[in-house]
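**Student:** could you look at this predicted model? Sequence included:
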Amino acid sequence: MAEMWISMGPQHPMTHGLWTLRVKVDGETVIDTEPDLGYIHRAVEKIAELRDFTKFTTYCDRLCYASANTWSHAYIYAVENLLEVEVPERAEYIRLVAVEIQRIASHLMWLGAYCPDVGNLTAFVWCLREREMMLDLLQELGGSRLHYNFPRVGGVKRDLPIGFAQRCRTKINLFLNRIQEYEAMLDESTVFLVRTQGVGYAKPEEMVNHGVTGPNVRAGGINYDVRWAHPYSVYDEVDWEPSVEKPSIKGADCYDRYRVRVEEMQQSARMVLDALDKMPGGADTHHQHGDEAILAKAPLRAPEGTSGFHHFEDSRGESMFYIVGGGEQRGKFPYRNSIRSPMFITIPYASKCMIGYKVADIPAIMGSFDPCIGETDR
Amino acid sequence: MAEGDWLDIRGWVEALSFAIADNTVGMSRFWRQKGTTADILTELIMAVVVFGLIMTTMLVLLWIERKFFARIMDRRGATMAMRSLWVGEGGEHVDWYGLLPFGTGAPFRWLNRWLNKVAGSDHEVESVARVRDRSYHGIWWMLPGFFQNIADAVKFLTKEWMVPTKADKFVFEVAPFIIISSTIMLFAFIPLGPHVWSANPDLSLLFLMAIFGIAPLGVFFAGWSSNNKYTLIGGIRSAAQLTAYEIPLLVTVLAVAVLSGSMNIIEIVEFQMDMDGWNLFLLPLGAALFLITMIAEVERIPFDMPEAEAELVEGWWTEYGGLRWGLLFMAEYLRAYAACLLFAIFFLGGWEPFGGNLVAQYTAFIPGIAWLLIKSWLMFAVFVWVRASLHRVRTDQILEFGWRWLLPLSLVNLGIAVWLRLWVWQGEVWSPLVPGIITAIAVALFVLLAIDEDPESLEGRERPYSVHVKAGPAGPGTHKK
Amino acid sequence: MPASLLEEFAFALLALLAIAGAFGTIYAKRVAHSMLYLIFCFLAVAGVFLLTGAELLAAIQILVYLGSVLLVVLFGVMLTRRQIQEEDFE
């Protein structure tokens, strides 16, 4: 058949968001790709210059609809670095619980979206069923279903609700059982293996050169997890280990990227259970809103010339915030807030990954990288 | 046997038409033509009756597709229909048995209470139970689930019919006609019972398969004429896949015809009934091949590459809308229905009751059509089950599987059929040993193949399914013509 | 209306359809349209076979010519030309 360019997007089932992938095909084989991003650019970095530190947290939530908590936490850590705030340990543990539950929810959303990409609707609904449990837990913490606005500069908005620890343990244990169902459904299905194994090879050294991070690079056998390499918060105190795949010589394929996320969900669950056990003051105590034990006092203004930086293991890779304080001239506002989005770096690389495969592999490869366009376009 | 069925619809219709012809044409000066008139009238009425039966019972298929699939998926809204009928939701008892007259609902009430006690909706997690309560709308709307089809039909009827500006309008309009008409024509040759059929030529099997092969042309034209790259790829995929799978399908059907010694569908069924052995137990390989090729022919998951919604939006019918789309969709289900009916006819003994001659005298009050429809619905449930548990296979893998595995296997199956017919069959009832041994071998092979490999042996294995093609990088700006 | 007359009517209809299909095949401007007309031509010929009592031939006509040969021809026509859409619709 003739060579032709197919424009997939901005509204297309493959894109998982609002962007265009232009694909040049020769019959059924992809010979060139060209990603086109920027459809939902909202100038978030500019908005940050006109908000004080607390008010901008909500915008961070909205950077990624599937993984809101991780983004607002990444931002809060950068602000705390800027303002030099000591966070109470209990608050750190609560943050860890919130972020890891969010990570499970995000990966479940990914798995749920990935299964229809390779043609199965059953696992999609199963994943959303479990994600609903996670969202219920997060709703208990943050008060809302998707955008929680949970962390505060110096702590968290609220303590764990009464009875939360017990409910959380039940649901996490149930979820760990349910993961076995997924493995029976996916890993033991030859059709799933046929669709994912040997498809979308990504070489580890190329991924490092392109700056790909997170589960995608760990699927390539590179043990780079910010929580492990540069432990922040209390990640060095809870019981876990990063999930790293052993890829073949050709690199990490879609199946590796699937496995690494499933294992990461299990690690996150393990981390949540351990954090609930080790929480200072016990997981069953409940402090009042604004108590010293969960929220430290923090200044509102950053002096001029100071800068705060934090890199954070997001569900999709390494997110970074770099904030420069405004001083007297800017009042409560920062001078500059720069965001590093992991998917903005991964998507161009992922689009190049699919050259040489079939048209039917495009959603399988693209979906396996877990694109999220909200954070990509910022 | 055919004469055992009391539901002699064709006989009744013939009597009716002869009575009508006697009293109208027979009274006129064209009285010589009354036989012809009655014949034509019979055929017309039978065509309408069969078509009506198929169209009304197809709702069951849609119901299975929705509810059974939803049950497998554990989907919140749709699970209500089957579950709450007996169990109720969230501790709420649905008092539908209270509406039955004269207290006949009392045993149901007792059963309901008991079921609620043992299988009530106290889910492991209260939030799941809470979510399940969310879409509870009352028993009378949940129970049937058939009203959704009416709503769908109304939606299709009221939607605007649009042709893309640059589409080839003539072909775009004609293509759905080819697909839909050839699909409906299938049912002319499918007997629904010994006396419920529209046409019964000697070569009905051959006609059926011939008509089955027309639709790929319509699909190809539909995909080409829309002037859309997705539909073009979808149409080409569809044509390639349907051609590739038609050959094993035909060879498999040929094996059935060889075993039964007839190209007539009714005689195939009667051979199974007379010889006391369903083809499922004589040709298990053929049954498996028929199931696989039929799933590919009706384009259902795992072989629904032509309409792979993940990359081709909706495949070859992306540009269709409104009633045309609804009718194309209906044609898809009609083809699936035909596949199920044919499986029941070829391999499950058609309208013979479960248990064959052993129970035939006790179940004589049930017409044969009921057995046939129940068998075909069960087959459709298998289709839905397959769809729910498998993923979509890639195009090249589909074609490779078809040519490399199914075609040789279907030839092997044909050899088995010839062997059975020529050397094993003695011209009388099968001895129970023959189907018994064949089925035992088939089950043993199936179990052997289904056993999981040792996961540790998979550990160091090279990924076997790689398809990477070396393609040179396109130069900068090559996309701008 | 005698049965033979009915058959003659049917034959006339089918013959006309076959001839019209053949003419359409020749005179259509686009190859795809030619193929479409050829379908009708083949179907009508199958109908003529049916009328003459050659049932097997009719079934084979549809099965082989319509189902397989025509599809292969279609593939050949569609896939050998380059840039189908741009050329055809500009």
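**Tutor:** Great, that's in hand.

**Student:** how about low-confidence regions in chain B?
**Tutor:** Within chain B, the ranges that satisfy pLDDT under 70 run B:1-4, B:75-98, B:112-146, B:452-481.

**Student:** please repeat the previous calculation with a cut-off of 50.
**Tutor:** B:1-3, B:81, B:84, B:87-91, B:120-142, B:457, B:460-462, B:464-481 (pLDDT under 50).

**Student:** what about residue A:328, how many residues nearby?
**Tutor:** 8 (other C-beta atoms under 10 Å in any protein chain shown). Any C-beta I mention is one placed from the backbone N, CA and C, and that applies to glycine too.

**Student:** what's the answer for residue A:275, then?
**Tutor:** For residue A:275, using other C-beta under 10 Å, the count is 24.

**Student:** and it, how far from residue B:451?
**Tutor:** As for residue A:275, its distance to residue B:451 is 41 Å (criterion: C-beta to C-beta, to the nearest Å).

**Student:** can you give me the end-to-end span of stretch A:278-296?
**Tutor:** In terms of C-alpha to C-alpha, to the nearest Å, the two terminal residues of stretch A:278-296 are separated by 20 Å.

**Student:** mind listing residues that contact that stretch?
**Tutor:** A:85-91, A:93-94, A:152, A:154-165, A:237-238, A:276-277 (C-beta atoms under 8 Å, 6 or more residues apart in numbering or on different chains).

**Student:** next: stretch B:246-260.
**Tutor:** Residues contacting stretch B:246-260 (C-beta under 8 Å, 6+ apart): B:205, B:209, B:212-213, B:216, B:263, B:267-268, B:271-272, B:279, B:282-283, B:286, B:289-290, B:293-294, B:297, B:346-347, B:402, B:406-407, B:409-411, B:413-414, B:416-418, B:420-421, C:67-68.

**Student:** off-centre distance for stretch C:35-53?
**Tutor:** Distance, stretch centre to chain centre, for stretch C:35-53: 6 Å (C-alpha atoms, centre = their mean, to the nearest Å).

**Student:** check stretch B:183-197 too.
**Tutor:** That offset, for stretch B:183-197, works out to 14 Å (C-alpha atoms, centre = their mean).

**Student:** just the endpoints, please. Distance across that stretch?
**Tutor:** OK, stretch B:183-197 end separation, C-alpha to C-alpha: 16 Å.

**Student:** how about that stretch, does it get close to chain C?
**Tutor:** No - no part of stretch B:183-197 sits near chain C under the criterion C-beta under 8 Å from any C-beta of the partner chain; the closest distance found is 10.5 Å.

**Student:** what residues sit buried inside that stretch?
**Tutor:** B:183-197 (16 or more other C-beta atoms under 10 Å in any protein chain shown).

**Student:** which among the contacts of stretch B:246-260 count as buried?
**Tutor:** For those, buried by 16+ other C-beta under 10 Å: B:205, B:209, B:212-213, B:216, B:263, B:267-268, B:271-272, B:279, B:282-283, B:286, B:289-290, B:293-294, B:297, B:346-347, B:402, B:406-407, B:409-410, B:413-414, B:416-417, B:420, C:67.

**Student:** out of the residues you listed, which are inside helices?
**Tutor:** Those of the buried ones among the contacts of stretch B:246-260 mapping onto helices are B:205, B:209, B:212, B:216, B:267-268, B:271-272, B:279, B:282, B:286, B:289-290, B:293-294, B:297, B:346-347, B:407, B:409-410, B:413-414, B:416-417, per DSSP state H.

**Student:** ok, and which of those residues reach chain C?
**Tutor:** Contacts with chain C within those, as defined by C-beta under 8 Å from any C-beta: B:209, B:216.

**Student:** could you give the mean pLDDT of the helix or strand in which residue A:276 is found?
**Tutor:** Take DSSP states H and E as the rule and residue A:276 turns out to sit in helix A:254-278. Helix A:254-278 comes out with an average pLDDT of 89.

**Student:** next SSE downstream of that helix?
**Tutor:** Proceeding N to C from helix A:254-278, the next assigned helix or strand is strand A:307-314, under DSSP H and E.

**Student:** buried residues in that next one?
**Tutor:** Those would be A:308, A:310, A:311, A:312, A:313, A:314, for strand A:307-314 by 16+ other C-beta under 10 Å.

**Student:** which residue is the nearest non-sequential neighbour of the fifth one?
**Tutor:** Read that as residue A:313. Nearest residue to residue A:313, sequence neighbours excluded (C-beta to C-beta, 6 or more residues apart in numbering or on different chains): residue A:226, at 4.1 Å.

**Student:** ok, that neighbour touching residue A:318?
**Tutor:** Yes - Residue A:226 lies in contact with residue A:318 (C-beta atoms under 8 Å); the separation is 5.5 Å.

**Student:** alright, calling it a day.
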